[in-house]
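> What follows is a predicted protein model with its sequence.
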Amino acid sequence: MLDVMRCLDEELRQSPAYDLKAYKVIRVLLEASIIALEKGNEDPQTFDRATLLAICDPKAKTTGRDPARWLSSSMLETFMDARMNSIRRRAEQLGLKHLPVIESSDGKGGAGNQKVYWLATRPIGDSESGALGEQSPGQIIYTRTENGDVRPALFLRPFFRKGVLENRSWSGVMMLSAVLIGVGLLLLWVLASIWTVSALDQALTLRQLISSAFVAFMAWFIWRYVHQPWFQLIESRVVKAPATLLSLKEDSAELEMYRDDAKRPWTRFVRFSSDCPFCGGRVLLAEGKPDHQVPIVGRCGESPHAHVFSFDRARLSGVYIGPRLQL
């Protein structure tokens, strides 16, 4: 059981969601279980909702917030179900035969009848016949690669160690400075080119027109595929990584920004993928336009415009949003 809990611990560390309530609660349950198992105690480590509220959000408890409303009955199960595919793959790689699951009592709250939660395990076959087996055909579960699996371009590797960068470290400050300096130099280059053309006293020649068009194209290309993704990342949290920022061996990847337990921001190169429920093809993230308004969608490699899915980074899940299926 200890190996199963450590497997879950590694999964949560590699796929953090520190801003989610369910993530914080499961971390509390998991850490208590690991400590007990390391001491040889295999009894379930149970917590009621009031205790979990006091640990995860002390400020909310002091305001008199209702623990039952703070932690709904299915929140933890939903969080685990959304990540079960990734957890199962990690467990199978480690040769484990069981998966971690959330267990709870039948208590519905009230004095003397508090609902409690704990972590338990069950065989992989039983888990597959549960929530995952009832998954809708139009739903998919994304998996995120491990840190270091996606290699950035050579010029970014001094900043991204194993594909990860702490934004507030010296490397992060240097990276931010390099981006800002690059944007400034690009702007100066464009302004200098405009000034050179405007200072001419004679009509433009064909050569000068071609040169101006080349400058405009290169400025757009450098902005679009080198600098713009870093600014989009601040708002979107996940953006497609242009090929110019990736190693030559990488075909598709994303830039993701997240926060750790101490609320420190990090940036990393990752790849989100899934299996298409309609044709079995590989689903990778791609731009939503022109057929969808959302910035990023999951597109099946075998049918990129017909088999299209939404992308929920917090739950690592998606639903079919492509053209209406023909029954």
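Ah, there it is. The structure displayed is predicted, hence computed values, not measured ones.
> who does the helix or strand containing L53 touch, helix- and strand-wise?
Element membership for L53, per DSSP states H and E: helix 49-56. Applying 3 or more C-beta pairs under 8 Å, 6 or more residues apart in numbering; DSSP states H and E, we find helix 49-56 packed against helix 21-38, helix 58-62, helix 67-70. (Each C-beta comes from the backbone N, C-alpha and C, glycine too.)
> Format those as TSV; extra columns: mean pLDDT.
Output for the helices and strands packed on helix 49-56, formatted as TSV (pLDDT from 0 to 100):
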stretch	mean pLDDT
helix 21-38	89
helix 58-62	65
helix 67-70	78
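> I141 contacts F272, doesn't it?
No - look at I141 against F272 with C-beta atoms under 8 Å: they stay out of range, at 10.5 Å.
> Overlap of the contact sets of these two?
L316 (C-beta atoms under 8 Å, 6 or more residues apart in numbering).
> What is the top helix by length along the chain packed up against?
For the chain, the helix with the greatest residue count under DSSP state H is helix 170-198. Here helix 170-198 touches strand 164-166, helix 206-222, going by 3+ C-beta pairs under 8 Å, 6+ apart.
> Would you mind telling me which of these is nearest Y320?
Ranking the helices and strands packed on helix 170-198 by proximity to Y320 (C-beta to C-beta) places strand 164-166 first, at 32.3 Å.
> which parts of that closest one are buried?
165-166 (16 or more other C-beta atoms under 10 Å).
> That strand - what's its average pLDDT?
For strand 164-166, the mean per-residue pLDDT is 92.
> Distance from that strand to the middle of the chain?
14 Å (C-alpha atoms, centre = their mean, to the nearest Å).
> cool, stretch 168-178 as well?
22 Å.
> And for stretch 230-244?
12 Å.
> Then stretch 259-269?
In terms of C-alpha atoms, centre = their mean, the centre of stretch 259-269 is found 11 Å from the chain centre.
> Also stretch 207-223?
Put simply, stretch 207-223 sits 36 Å off its chain's centre (C-alpha atoms, centre = their mean).
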